[in-house]
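Student: Would you be able to build a 3D model of this:
(one chain, ligands or ions: 2)
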Amino acid sequence: MQTIVVKLGTSVLTNHGRGLDKAHMVDLVRQCAQLKQQGHRIIIVTSGAIAAGRELLGRQPGTETLAQKQMLAAIGQSQLLHTWQSLFALYSIAVGQMLLTQADLENRERYLNARDALLAILQEGAVPIINENDAVATTQIKVGDNDNLSAKVAILARADTLLLLTDQPGLFTADPRSHPDAELIAEIRHIDDQVKALAGGSGSTVGTGGMATKLEAASIARHGGVDVVISAGHGQNVIINCLQQQTGTRVLSLKAPRRSRKLWLLAGPMSKAKVVLDGGAAAAIAKGGASVLLVGITQLRGPFSRGDVITLCDEQGLNLGKGVARYDSVAVAQLLAHKEQTIVETLGYSNGAMLVHRDDFINFTDSV
Ligand SMILES: Nc1ncnc2c1ncn2[C@@H]1O[C@H](COP(=O)(O)OP(=O)(O)O)[C@@H](O)[C@H]1O
Ligand SMILES: N[C@@H](CCC(=O)OP(=O)(O)O)C(=O)O
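Tutor: Numbers count the residues shown, from 1 in each chain. Ligands and ions are numbered 1, 2, ... in the order given. Got it, this is the predicted structure:
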């Protein structure tokens, strides 16, 4: 039995952004029903609300204000959910809608609430239908794209596999829309700057983020122990073929942290700032199991408060991981300026020698 998250982009669910492609959706539901029959648990992360709203109101994609987009999402989401509900009902499968924002994942209590609800829907044998809550999401509280949302959901559900289904057969060496000679990459073992440079934004007017956000999502999910396949959402038996690894770009998972708190750190809070570490500290972190000591810090990039999640990187800018800060950035800047003094001499108090304790740290290097 596997838990499978199927993320379906606007490009898969609509006729080029002009309303929902119900004939295709019925085929996708048939495959989900077949997999459920075999004992698998299916979670759908669905895009298409805004496109469905545009279809209902007879609007063309264009320059909409935030409030207009929220209105389109509110109207379209009802249509989207109704469509999924009626199609799954053909197989006597119930669906449960969950509309999430970054704010629901950021706070650990709300994250655990969302996880319990998701697991209860699965336990009931129903299919969770998940989208971002676009009707209320503003820049400050939104995940922003459903690729990243699906990776977070996959970690929340401790899924085995995440399928990112889109309008291309996978990740190519360049955007095939503008580079017809580009080649499909069958497998990715490391997501480094070289791989990231291959992925462009969305080449369509309806998608959000293109391959760049799919790779971000793959990077998060694989650190949570989830295998990822980026593949075409059209064609015969796409979901089933993807699972049998016959198609697409496969991104191999890494060993997931065992602790639930570390998974939350990976999938939940956004990083507020960056802290640069010297070579010794960076090497200790990359090796795994070390805390981030104040003495290893060379530079601060951006303000943060005590308790915020921050990103740690090396002097070349390589992202080493993220964790919860035990000091705010003002205090750390003072400590950097007075390295010859003790912490108490500089600040008048001490929270210890660590900026981030290893229990509050999630490693982004491939050795997790
Ligand atoms: N290296 C690449 N390989 C494949 N597609 C790419 C690449 N770089 C950018 N893209 C673009 O990403 C698009 C898919 O993402 P997007 O439009 O956001 O779709 P979706 O709605 O499925 O999320 C493709 O249509 C393509 O134009
Ligand atoms: N939440 C939005 C989709 C956002 C999104 O990431 O879109 P896509 O790139 O097509 O997966 C909607 O339902 O219209």
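
Student: Identify the bridge partners of the residue nearest to residue 297 when sequence neighbours are not counted.
Tutor: Sequence neighbours aside, residue 275 is the residue nearest to residue 297 in space, at 5.8 Å (criterion: CB to CB, 6 or more residues apart in numbering). Every C-beta, even on glycine, is put in place using the N, C-alpha and C of the backbone. Beta-bridge pairing of residue 275 under DSSP bridges involves residue 300, residue 312.

Student: So residue 275 sits against residue 335, correct?
Tutor: No: assessed by CB atoms under 8 Å, residue 275 is found out of contact with residue 335, at 11.9 Å.

Student: Looking at the two, which one has more neighbours?
Tutor: Higher neighbour count among residue 275 and residue 335: residue 275, with 27 against 19, using other CB atoms under 10 Å.

Student: Now look at the helix or strand of the chain with the lowest mean pLDDT and say if it contacts ligand 1.
Tutor: Least confident helix or strand, the chain: helix 193-198 with a mean of 90, by mean pLDDT, DSSP states H and E. Yes: using CB under 6 Å from any ligand atom, helix 193-198 comes into contact with ligand 1 via residue 198.

Student: That helix: how far from the chain's middle?
Tutor: Remark: helix 193-198 is offset 18 Å from the chain centroid, using CA atoms, centre = their mean, to the nearest Å.

Student: and the helix or strand following it, anywhere near ligand 2?
Tutor: Helices and strands here follow DSSP states H and E; after helix 193-198, the next one along the chain is helix 210-223. No: Helix 210-223 lies out of reach of ligand 2 by CB under 6 Å from any ligand atom, never closer than 7.0 Å.

Student: Mind giving me the packing neighbours of helix 210-223?
Tutor: helix 146-156, strand 161-166, helix 193-198, strand 227-232, strand 249-251, helix 260-267 (3 or more CB pairs under 8 Å, 6 or more residues apart in numbering; DSSP states H and E).

Student: Now with 10 Å, please.
Tutor: strand 3-8, helix 146-156, strand 161-166, strand 187-188, helix 193-198, strand 227-232, strand 249-251, helix 260-267 (3 or more CB pairs under 10 Å, 6 or more residues apart in numbering; DSSP states H and E).

Student: so where's the stretch 251-368 of the chain shaky on pLDDT?
Tutor: 366-368 (pLDDT under 70).

Student: In it, which residue sits closest to ligand 1?
Tutor: When scored by CB to the nearest ligand atom, the stretch 251-368 of the chain has residue 251 as its residue closest to ligand 1, at 13.3 Å.

Student: How many residues are close by that residue?
Tutor: If you count neighbours by other CB under 10 Å, residue 251 ends up with 27.

Student: what do you get for residue 352?
Tutor: Neighbour tally, residue 352, other CB under 10 Å: 12.

Student: ok, for it, nearest residue in space, not its chain neighbours?
Tutor: Nearest non-adjacent residue to residue 352, counting by CB to CB, 6+ apart: residue 326, 6.6 Å away.
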